[in-house]
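Sharing a model prediction with you, sequence too.
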Amino acid sequence: MRPALCSSTLLLLLAVGLHAADPKSKEVPAATIAKQVAESAKTKPPWWDQVTLDYPQTLDLTCPKGGAWNSSLVPGNWMWDIVNPNADKWKEGTKFWHFVLTNAKQKNLKDAEQQATMNLGHCYGDLLQDWPRAVYWYQQIEAQYGKNDNRTIDMANAYWRMGNRTLAVQTIKPIPQDATRHGSLIKLWADLGDYKTAYQMAQTRVAVGEDIAWFMSGYTAQLEGAWTKALDCFKKAEASDQKKSGRDWKQVKERATSAIQAITLFETLDLKRVPDGKFAATSTGYTGPLSIEVVVAGHKITALDVTRHSEKQYYAALDEMPAKIIAKQHVKGVDATLGATITAEAIVYATAKALNQAKP
């Protein structure tokens, strides 16, 4: 069960979403970012003393690799099956990996130390969105285990979320092409507002994976507000050839279909015509249908909640996307949560459906 989003967390998400998405926002200086990251390394998170270290005692703290999947024995499997899908366990999971790291260093368990370091980056970034601590752990991963495109993209996203677009651009600029499964690099360039780079990068992927290449081309055009271009790209993704596409071909086609339906709704949506009330709709998430309920009062979106879903690795999307939509008071130009893009898209598309179905 996902815990209710408290008002302080919602306000933080609103502030971060507005700052990161608004190109007119004044950048937070790089020196300030560096100071925040350094301070985070020296201090405990504010929730630390209120969270008990709680994990199955059957877990093997040496963090064995390979073998059969066993979430009662293998810490990484437990993280995936139990912690990631349950937001009320994210802090417990984070504290657990700190414990694993300390234990690994004391006993010279190199594999466990590496897994703990990697997972702390994941916990603070993907789950808790504690960006200074996320950057610190991404830096530790890079320093100890070398660079990796996915981690570099995560680092850039964290800099951007902390309010410095320049650092984000400098971080991902050396990566020549997007080789990620879901087009994460293309997405981040589009989120940063560099639509030309994002579109060009997406087009270079057509030859090796036309489904995700055309879908991300559509995502870029959608954020840019080029609706005709976006529709054309999504239709090409919907019609993509399985033999020329990746392993997520069926899912990408379903996402493209939802996007095509939603784009027409984006253009016609006018909150001034939406009466007060609660409205619900469903779209396609990563693992199945995702339903939302949106509340409108005085022609403003006052609340938005995901009421039903079967997502497992949704990370922060279930809270972050509603906060972004409420902040923007529209579904147009809302960038999706990195790492949980498909879940995030489903929330946006379902919200567009719900509001357009509302009758005065």
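Alright, I've got the coordinates. Numbers count the residues shown, from 1 in each chain.

Check the burial of the residue nearest to Val306 when sequence neighbours are not counted by counting its neighbours.
Leaving aside its chain neighbours, Val306 sits nearest to Leu318 (4.9 Å; criterion: CB to CB, 6 or more residues apart in numbering). In this view, the C-beta of every residue, glycine as well, is placed from N, C-alpha and C. Neighbours of Leu318 under the rule other CB atoms under 10 Å: 22.

ok, Leu318 - contacts?
2, 87, 306, 309, 311, 343, 347 (CB atoms under 8 Å, 6 or more residues apart in numbering).

Show the subsequent helix or strand relative to the helix or strand harbouring it.
For Leu318, the host element (DSSP states H and E) is helix 317-328. Downstream of helix 317-328, the next assigned helix or strand under DSSP H and E is helix 341-357.

what's the angle from that following helix to helix 317-328?
50 degrees (axes from the mean of the first three to the mean of the last three CA atoms, to 10 degrees).

what's stretch 146-160 in contact with?
With CB under 8 Å, 6+ apart as the criterion, stretch 146-160 contacts 20, 33, 121, 125-126, 131, 134-135, 138-139, 141-142, 167-169, 171-172, 175, 179-180, 184-185, 188, 191-192, 338-339.

if you set the cut-off to 7 Å instead, what comes out?
Contact with stretch 146-160 is made by 20, 33, 125, 131, 134-135, 138, 141-142, 167-168, 171-172, 175, 179-180, 184-185, 188, 192, 338, as judged by CB atoms under 7 Å, 6 or more residues apart in numbering.

So which of those residues are in helices?
20, 33, 131, 134-135, 138, 141-142, 167-168, 171-172, 184-185, 188 (DSSP state H).

what sits against Lys229?
By CB under 7 Å, 6+ apart, the neighbours of Lys229 are Ala221.

what about stretch 182-198, how long is it end to end?
One end of stretch 182-198 to the other measures 13 Å (CA to CA, to the nearest Å).

Could you verify my assumption that Pro45 touches Asp130?
Yes. At 6.5 Å, Pro45 and Asp130 qualify as touching, with contact defined as CB atoms under 7 Å.

All the strands of the stretch 1-150 of the chain, residue numbers only.
Assigned strands in the stretch 1-150 of the chain: none (criterion: DSSP state E, counting those that start in this stretch).

what residue ranges in it are flagged as low confidence?
Where the stretch 1-150 of the chain drops to pLDDT under 70, the residues are 1-25.

what are the ranges of the helices in it?
Assigned by DSSP state H, counting those that start in this stretch, the stretch 1-150 of the chain shows helices spanning 7-21, 30-42, 75-78, 90-107, 110-122, 131-145, 149-161.

re the thing from before, filter the contacts of stretch 146-160 down to just the buried residues.
The neighbour count (16 or more other CB atoms under 10 Å) marks 20, 33, 125, 131, 134-135, 138, 141, 167-168, 171-172, 175, 180, 184-185, 188, 192, 338 as buried among the contacts of stretch 146-160.
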